[in-house]
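Peer 1: Next come a sequence and a model predicted from it.
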Amino acid sequence: MADMKKEVDETLDELTDYVKKQRWWSRVFGKNNSRPLADKYTVGTQIAIGGVTGWCAGFLFQKVGKLAASAVGGGFLLLQIANHTGYISVDWKRVERDVNKAKKQLKLNVDKPSREVKTKVQEVQIFVQNNIILMGGFAGGFLIGLAS
């Protein structure tokens, strides 16, 4: 009996050491992460994973978006109040000139996307094509997260 307990303890120690050496994503997604999720999980699991991650992303997007809009709107409102009360003076001609200059620079850079952008877009397209069910769940979860 004592030998069997010792053998079980040794096996558990070996297993614990093995698990500690593995990365968490390898334990969740498996060794070969390049395969599409459709090969690894059932349709229900893919929809659940996509839905939960989409809901989390949508919920965070909603909260951060409200915060950012409040900060930008509040800052603009304070600047307008300060301008009208005379605390600051804004050179609107200079602002217009700087905005037009920025528009011209943006137009020049938009005409030709860089090679890095093209490769990232292609990678995303391939990922979406390989994991279309997961992406459907993510999109639905994202919309629900925005609405909640």
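Peer 2: Okay, I see it.

Peer 1: For the residue nearest to the spatial centre of the chain, what is the enclosing helix or strand?
Peer 2: By C-alpha atoms, centre = their mean, the chain has its centre lying nearest to Ala57, at 6.8 Å. Assigned by DSSP states H and E, Ala57 belongs to helix 43-85.

Peer 1: ditto for Tyr87
Peer 2: Assigned by DSSP H and E, Tyr87 falls outside every helix and strand.

Peer 1: Then Gly140?
Peer 2: Gly140 belongs to helix 132-147 when assigned by DSSP H and E.

Peer 1: mind checking how far that helix is from the chain centre?
Peer 2: Remark: helix 132-147 is offset 13 Å from the chain centroid, using C-alpha atoms, centre = their mean, to the nearest Å.

Peer 1: Contacts for it next, please.
Peer 2: Residues outside helix 132-147 that contact it (C-beta atoms under 8 Å, 6 or more residues apart in numbering): 37-38, 43, 46-62, 128. (Glycine included, C-beta is placed from N, CA and C.)

Peer 1: In this structure, what helix or strand scores lowest on average pLDDT?
Peer 2: Within the chain, confidence by mean pLDDT, DSSP states H and E is lowest for helix 24-29 among all helices and strands, at a mean of 59.

Peer 1: if I look at Glu7, how far off is Leu146?
Peer 2: The gap separating Glu7 from Leu146 is 55 Å, by C-beta to C-beta, to the nearest Å.

Peer 1: which of the two has more neighbours?
Peer 2: For the pair Glu7 and Leu146, the greater number of neighbours falls to Leu146 (15 against 10), based on other C-beta atoms under 10 Å.

Peer 1: Fine by me, we can end here.
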